[in-house]
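In: One predicted model, sequence on top.
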Amino acid sequence: MAVILIPTPYRPYCEGMGEMTVEAENVAQAVDALLKRHPGLRPHLLNPKGQLRPFVNLFVNGIHIKDLDGLATRLAEADVLRIVPSIAGGKR
């Protein structure tokens, strides 16, 4: 089972959970499992076409999935999938 780490801004959509374990063969299946359990999170991770939003970064064991096989990146037992949203804004 892989572990998904859920960042603080997304926890209100996940019943306050900071992490969740899922059975998934790859990142796409892990994200799908997360969204099946917490559908309110969907618009924050995926665009209306079902694609990952550009400001959402996913890391498997500390490596960005864009440097691996994207959403097809395989997950092994005890892998950690970290969701990291880009944060922008602030004062100039």
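Out: Thanks, I have it. Numbering: from 1, shown residues only.
In: Val84 should be in a strand, yeah?
Out: Yes: counting by DSSP: H, G, I helix; E, B strand; the rest coil, Val84 is found in a strand.
In: nearest spatial neighbour of it, skipping sequence neighbours?
Out: Nearest non-adjacent residue to Val84, counting by C-beta to C-beta, 6 or more residues apart in numbering: Asn57, 4.4 Å away. Quick note: C-beta positions are derived from backbone N, CA and C, even for glycine.
In: List the beta-bridge partners for the residue minimising distance to the centre of the chain.
Out: Per C-alpha atoms, centre = their mean, the C-alpha nearest to the average position across the chain is that of Ile83, at 4.1 Å. With DSSP bridges applied, Ile83 shows beta-bridge pairing to Leu58.
In: still on that earlier bit, how many other residues sit next to the residue nearest to Val84?
Out: By other C-beta atoms under 10 Å, 15 other residues sit near Asn57.
In: Which residue ranges of the chain form strands?
Out: 2-5, 19-22, 56-60, 63-64, 80-85 (DSSP state E).
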